[in-house]
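Enquirer: Structure for this input, please:
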Amino acid sequence: MTRKRLTGMGVAMITPFTATGEVDYSALDSLVQTLMDEGADFLCVLGTTAETPTLTVEEKRNVRKRVIEKVVGRIPIILGMGSNCTQALINELLDEDLTGVDAILSVAPYYNKPNQEGIYRHYRAIASVTSLPIYLYNVPGRTGVNILPDTVIRLAQECPNIVGVKEASGNLAQIKEIIDRAPEGFDVLSGDDGLICDIMELGGVGAITVFGNAYPGPLTQMVHFAAEGNFGEARRLDAAFGEVCTLLFADGNPAGVKSLMAHQGKIGNNLRLPLAPARKDVDDAMLSAMQKLDAFLAN
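Expert: From the prediction side, this is the model:
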């Protein structure tokens, strides 16, 4: 099977919920259709932004199936699958029907803080049980561990199906080192909405974004400008997105993007505990920033 490289604008999809707490599959269908219609290059399903820790096993299967059926192969799908128990993740990879999934996004083992050798062995073990391409996900602010460049490169060189990394360390020197040392075909994606242009200017090939849930068309345009080397236009859009992007994370993710999308009329502003909606002052600021951004985009 030919690998579908994940480049351009990917969206870390939210999971819409009803006011009574069920998964809102109708809103999920609408979101998938909108993202495809407005040019998203690929979708990231059941990542952190999807509130995946609060979903049941059955809900995760249903969400995955629903998105795959809606996409019908038109754009690639990368599926979030991670654990701080290596054997549990191996069992999941072996037991789940992953038909329709093009790649796996696997976060570094969280909470128990393995050393670099433990991280290396974890990824080597999961790579050995699947033929699917695997993208590492480095987000130390959530996991408590940083996948260092030496470990990334070691995995890239030794495991043929470890093909990229979503980098959300915020450390541009580290990201540049990975890009400079990575073997041919190993892709670096931005995992930080505020650093997309910076990472792509260093040689990154795209991004997995939160903001793309709400503004897929304009963000796709920005990422494509960056991919073409037109950083003047890319950074002009990036500057316009700045206030909204900052507010997205002021009260945690996905509270910010759900606030924004509720103001757009796309979803209800519903989250599952322990997450709660953005505070009123953040929500009010989001509405104001959204209105200014909409006016900019209309001109």
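Enquirer: When you work out contacts or count neighbours from here on, use the C-alpha atoms and nothing else.
Expert: Noted.
Enquirer: show me where the chain has strands.
Expert: 8-12, 42-45, 77-80, 103-107, 134-138, 162-167, 187-190, 206-209 (DSSP state E).
Enquirer: So which elements touch the longest one?
Expert: Counting contacts by 3 or more C-alpha pairs under 8 Å, 6 or more residues apart in numbering; DSSP states H and E, strand 162-167 is packed against strand 134-138, helix 149-158, strand 187-190.
Enquirer: at 10 Å instead, please
Expert: Counting contacts by 3 or more C-alpha pairs under 10 Å, 6 or more residues apart in numbering; DSSP states H and E, strand 162-167 packs against strand 103-107, helix 116-127, strand 134-138, helix 149-158, helix 172-181, strand 187-190, strand 206-209.
Enquirer: where's Ala103 relative to Val210, distance?
Expert: 19 Å (C-alpha to C-alpha, to the nearest Å).
Enquirer: can I get the strands of the chain in CSV with mean neighbour count?
Expert: Converted to CSV, the strands of the chain look like this (neighbours: other C-alpha atoms under 10 Å):
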stretch, mean neighbour count
strand 8-12, 28
strand 42-45, 25
strand 77-80, 24
strand 103-107, 24
strand 134-138, 25
strand 162-167, 26
strand 187-190, 27
strand 206-209, 27
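Enquirer: Now tabulate those in TSV and tack on mean pLDDT and distance to Ala289.
Expert: Below are the strands of the chain laid out as TSV (pLDDT from 0 to 100; distance: least, C-alpha to C-alpha, whole Å):
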stretch	mean pLDDT	distance to Ala289
strand 8-12	98	21
strand 42-45	98	26
strand 77-80	98	30
strand 103-107	98	31
strand 134-138	98	29
strand 162-167	98	27
strand 187-190	98	24
strand 206-209	98	19
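Enquirer: quick one: which of those strands is nearest Lys258?
Expert: strand 8-12 (12.6 Å; C-alpha to C-alpha).
Enquirer: Which strands border that closest one, and is each parallel or antiparallel?
Expert: Within its sheet, and counting by DSSP bridges, strand 8-12 is paired with strand 42-45 (parallel), strand 206-209 (parallel).
Enquirer: Which residues outside the last one are in contact with it?
Expert: In this structure, residues lying in contact with strand 206-209 by C-alpha atoms under 10 Å, 6 or more residues apart in numbering are 6-13, 41-44, 49, 166-168, 187-197, 199-200, 216, 219-220, 223-224, 226-227.
Enquirer: quick one on the thing from earlier: make TSV out of the helices and strands packed on strand 162-167 and add distance to Gly80.
Expert: Compiled in TSV, those are given as follows (distance: least, C-alpha to C-alpha, whole Å):
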stretch	distance to Gly80
strand 103-107	5
helix 116-127	13
strand 134-138	9
helix 149-158	18
helix 172-181	21
strand 187-190	15
strand 206-209	12
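Enquirer: about what we covered before: and of the strands of the chain, who's closest to Glu177?
Expert: That would be strand 187-190 among the strands of the chain, by C-alpha to C-alpha, at 10.9 Å.
Enquirer: what are the pairing partners of that closest one, and which direction each?
Expert: strand 162-167 (parallel), strand 206-209 (parallel).
Enquirer: Confirm for me that Glu233 is in contact with Leu219.
Expert: No: assessed by C-alpha atoms under 10 Å, Glu233 is found out of contact with Leu219, at 11.8 Å.
Enquirer: Quickly list what's touching both of these two.
Expert: Common neighbours of Glu233 and Leu219 (C-alpha under 10 Å, 6+ apart) are Phe225.
Enquirer: Point out where this protein drops to low pLDDT.
Expert: 1 (pLDDT under 70).
Enquirer: out of the helices and strands packed on strand 162-167, which comes closest to Asp24?
Expert: Nearest of those (C-alpha to C-alpha): strand 206-209, 21.2 Å.
Enquirer: Excluding sequence neighbours, find me the nearest residue to Ala234.
Expert: Spatial nearest neighbour of Ala234, chain neighbours left out: Met222 (4.7 Å); criterion: C-alpha to C-alpha, 6 or more residues apart in numbering.
Enquirer: What degree of burial does that neighbour show, as a neighbour count?
Expert: 24 (other C-alpha atoms under 10 Å).
Enquirer: Also the one 10 residues further on?
Expert: Number of residues near Gly232 (other C-alpha under 10 Å) recorded here: 11.
Enquirer: ditto for the one 10 residues further on
Expert: Neighbour count for Gly242, taken as other C-alpha under 10 Å: 15.
Enquirer: same thing with the one 10 residues further on?
Expert: Residues lying near Gly252 (other C-alpha under 10 Å) number 15.
Enquirer: So it is in contact with Ala278, correct?
Expert: Yes: using C-alpha under 10 Å, Gly252 makes contact with Ala278 at a distance of 7.9 Å.
Enquirer: That'll do, ta.
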